[in-house]
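# 3D model of this:
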Amino acid sequence: MSAAAIDAKGFPAPSVAVNPWLIAIVVALASFMEVLDTTIANVALPYIAGGMGVSEDEASWVVTTYLVSNAIILTASGFLARMLGRKTFFLICLGIFTVSSVLCGFAPNLNALLLFRILQGLGGGGMVPVAQSILADAFPPAKRGQAFAVFGIAVVVAPVVGPTLGGWLSDNLSWHWCFLINAPVGVFAIALIAAVLQEPAKAKGAQKGAQPDNTFDFIGFALVATFLGALEVTLDRGLEDDWFGSPFIVTFAAISAAAFVLMIPWEMTRRSPMIDLRMVATRQFGACFLVMLATGAILLATTQFLPQLVQQDFGYTATWAGLVLSPGGVVTMVMMFAVGRLAAKVQPKYLIVAGALVIAASMYSMTNVYGDLGFWFMARSRMLIGVGLPLIFVPIMAASYDGIPPDKTDQASALINAARNTGGSIGVSIVSNVLTHRQQFHQSRLVEQVTPSSPQYQDTLHQVTDFFVAQGNSLAQAHQQAIQWIGQQVQTQASFLSYMDAFWVLMLIALSAIPLALTLRKVKLGGPAPVGH
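Have a look, this model is predicted:
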């Protein structure tokens with residue numbers, strides 16, 4: 001359908017005929033690149049630390065600074081898109097992201113790299129929420145579900161591709177290419193967006209409209225940015241810095257809490273608040289916000305810790321750990337298009353419930369993890385998640401916009417994406433703490449049972465000693481190796497038990513989305529969805 005035809009039916013569209021699928025692909029490509037950078041640097045941290053002569057703990061700020069700056073700009077993206085126009089703002093963000101990516105690749109030291117990562121996060125953070133509004137303008141209501149499916153592929157598959165691609169680039173080229181790879185893609189996307197994307201007529205009119213829309217809530221922005229930024233630092237650095245045993249973490253947690261407390265009365269009393277807390281407090285949008293928090297937690301936690309499990313306890317290489325995720329990525333891409341069609345026929349709340357049950361089933365299957373499991377067990381688990389995530393992600397887009405005034409949809413996009421980002425950080429933080437503390441707990445319980453005087457221990461020790469003797473070792477060497485092997489088995493079993501606990505927690509997070517989804521009201525399927533200005 002041409003853009004002109006869309007206009008004839010009353011939908012905002014560009015003034016020239018442009019294939020909306022071309023717009024969708026280009027916008028999704030840019031969004032894919034931005035979300036990819038939330039995880040691509042994770043596996044490159046040892047290489048960055050070695051190349052710059054710093055500790056791996058210091059190098060981990062490369063991830064933290066990106067997440068913090070990303071969270072900060074999200075809340076201002078709606079205002080900036082209204083003031084500058086979506087196309088202009090998107091191009092500026094994409095330009096900043098591309099240039100800062102190149103600067104990251106050529107950074108001479110860690111301080112310069114952190115500065116450029118902050119710029120990269122600021123540029124990237126503004127693109128994703130605005131991309132949703134651009135897609136809503138480019139497609140008629142009946143096809144918006146499919147458009148959001150294309151966008152969903154970028155947002156859901158990118159974190160899966162990130163660790164695999166980052167590991168391959170670091171192993172075979174250098175860590176610099178984790179950032180430099182964005183340059184040709186970014187230039188290509190900038191050229192296409194500049195050529196094919198036009199400001200919709202309604203958006204242009206809105207820029208000439210009422211002044212309240214162009215009133216920037218500086219104090220609200222400062223409070224929201226401080227709250228989210230300090231929260232990201234607390235979540236990302238808490239475990240490494242011993243949580244509230246660290247004055248650094250206590251300070252940032254206090255700053256985050258204070259900003260949150262001050263933010264509520266300020267934003268509730270503004271005519272044009274930075275974030276409309278009344279919208280978050282509504283049954284429909286509030287439930288969508290919480291479901292997206294849970295979805296972000298599951299997406300990032302499983303993406304980060306499933307490869308860690310197979311590398312740590314099954315001896316997989318980085319490449320094979322990435323391949324464990326790959327079948328799930330393929331399933332996700334296929335399911336996104338299938339769910340895009342289903343979203344026009346089935347109420348969002350039923351699709352979300354189905355997705356939550358599928359993910360919960362996948363997490364439940366992983367609570368039976370043990371040392372003899374093969375590659376395809378892990379891959380099937382990820383494929384189940386790949387079925388469930390699109391069943392949640394696409395309907396959330398439709399349900400969250402339902403009942404939102406047109407002048408609030410850009411803000412709604414920013415809030416939903418802030419929920420996904422923050423939820424991801426919360427999920428990773430929760431699972432990290434479960435793994436650390438439960439492994440210590442299980443190891444202490446298992447050690448209590450491993451007593452040298454017990455017949456079971458002596459029998460195992462003799463059998464393992466005989467095995468090592470048969471390998472050509474002396475009796476003394478074999479005896480020492482047998483003791484070490486028993487200790488390693490205790491640690492491995494404690495690790496398996498801690499991962500079981502972590503998957504139980506993720507299963508409960510998935511199930512928590514079900515009652516929230518059932519509170520959603522029915523939406524008009526295939527009907528007009530509000531479009532932001």
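# which helices and strands does the helix or strand where residue 416 lies pack with?
If you go by DSSP states H and E, residue 416 is part of helix 409-449. If you count contacts as 3 or more C-beta pairs under 8 Å, 6 or more residues apart in numbering; DSSP states H and E, helix 409-449 packs onto helix 61-74, helix 77-84, helix 127-138, helix 218-237, helix 277-280, helix 283-313, helix 375-401, helix 475-518. For the C-beta atoms, the positions are set from N, CA and C on the backbone; glycine is no exception.
# Can you give me the buried ones in the helix or strand just after that helix?
Helices and strands here follow DSSP H and E; after helix 409-449, the next one along the chain is helix 455-470. For helix 455-470, burial by neighbour count (16 or more other C-beta atoms under 10 Å) applies to 460, 461, 464, 465, 468, 469.
# on that earlier part again, pick the most deeply packed of the helices and strands packed on helix 409-449.
helix 127-138 (a mean of 26; mean count of other C-beta atoms under 10 Å).
# Show me what that one packs onto, helices and strands only.
Using 3+ C-beta pairs under 8 Å, 6+ apart as the test, helix 127-138 ends up in contact with helix 20-36, helix 77-84, helix 86-105, helix 144-172, helix 409-449.
# would a markdown table of these with mean pLDDT be doable?
Output for these, formatted as a markdown table (pLDDT from 0 to 100):
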| stretch | mean pLDDT |
| --- | --- |
| helix 20-36 | 80 |
| helix 77-84 | 77 |
| helix 86-105 | 88 |
| helix 144-172 | 75 |
| helix 409-449 | 81 |
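# how about the ones you listed in a markdown table, adding distance to residue 490?
A markdown table is the format used below for the helices and strands packed on helix 127-138 (distance: least, C-beta to C-beta, whole Å):
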| stretch | distance to residue 490 |
| --- | --- |
| helix 20-36 | 38 |
| helix 77-84 | 50 |
| helix 86-105 | 42 |
| helix 144-172 | 29 |
| helix 409-449 | 5 |
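# For residue 115, which of these is the nearest?
Closest to residue 115 of those, according to C-beta to C-beta: helix 86-105, at 8.4 Å.
# What helices and strands are in contact with the closest one?
Secondary-structure packing of helix 86-105 (3+ C-beta pairs under 8 Å, 6+ apart): helix 20-36, helix 77-84, helix 110-125, helix 127-138, helix 177-180, helix 182-196.
# Go through these and name the closest to residue 152.
helix 20-36 (8.8 Å).
# following the closest one, which helix or strand comes up?
Counting by DSSP H and E, the element after helix 20-36 in chain order, helix or strand, is helix 45-52.
# Could you give me the buried positions within that next one?
45, 47, 48, 49, 52.
# Okay, now the unreliable bits of the protein?
1-18, 56-57, 136-137, 140-146, 199-214, 318-319, 371, 406-407, 409-410, 525-533 (pLDDT under 70).
# Closest one of the buried residues of helix 455-470 to residue 172?
Looking across the buried residues of helix 455-470 and measuring by C-beta to C-beta, the closest to residue 172 is residue 468, at 36.7 Å.
# ok, the residue lying closest to that closest one once chain neighbours are set aside to residue 457 distance?
What sits nearest to residue 468 in space, not counting adjacent residues and going by C-beta to C-beta, 6 or more residues apart in numbering, is residue 478, at 3.5 Å. Using C-beta to C-beta, to the nearest Å, we find residue 478 at a distance of 16 Å from residue 457.
# before we move on, the earlier item: return the distance of the residue nearest to residue 468 relative to residue 460.
Using C-beta to C-beta, one gets 13 Å for the distance from residue 478 to residue 460.
# same thing with residue 152?
Separation of residue 152 from residue 460 (C-beta to C-beta): 50 Å.
# and what of residue 184?
Taking C-beta to C-beta, one finds residue 184 at 57 Å from residue 460.
# cool, residue 405 as well?
Counting by C-beta to C-beta - residue 405 and residue 460 are separated by 69 Å.
# what's near enough to touch residue 460?
residue 486 (C-beta atoms under 8 Å, 6 or more residues apart in numbering).
# where's it relative to residue 466, distance?
11 Å.
# repeat for residue 477
13 Å.
# same question, residue 217
Taking C-beta to C-beta, one finds residue 217 at 74 Å from residue 466.
# ok, now residue 500?
32 Å.
# Nearest residue to residue 509 in space, ignoring adjacent ones along the chain?
residue 294 (5.2 Å).
# There's contact between that neighbour and residue 422 in this structure, I believe.
No. Applying C-beta atoms under 8 Å, one finds residue 294 not in contact with residue 422, separated by 11.3 Å.
# Report the contact partners of the nearest residue to residue 352 once chain neighbours are set aside.
Distances taken as C-beta to C-beta, 6+ apart place residue 517 nearest to residue 352, at 3.8 Å, with adjacent residues excluded. Neighbour list for residue 517: 287, 291, 348, 349, 352, 353, 356 [criterion: C-beta under 8 Å, 6+ apart].
# out of these, which is most surrounded?
Sorting those by how many neighbours each has (other C-beta atoms under 10 Å) puts residue 291 first, at 31 neighbours.
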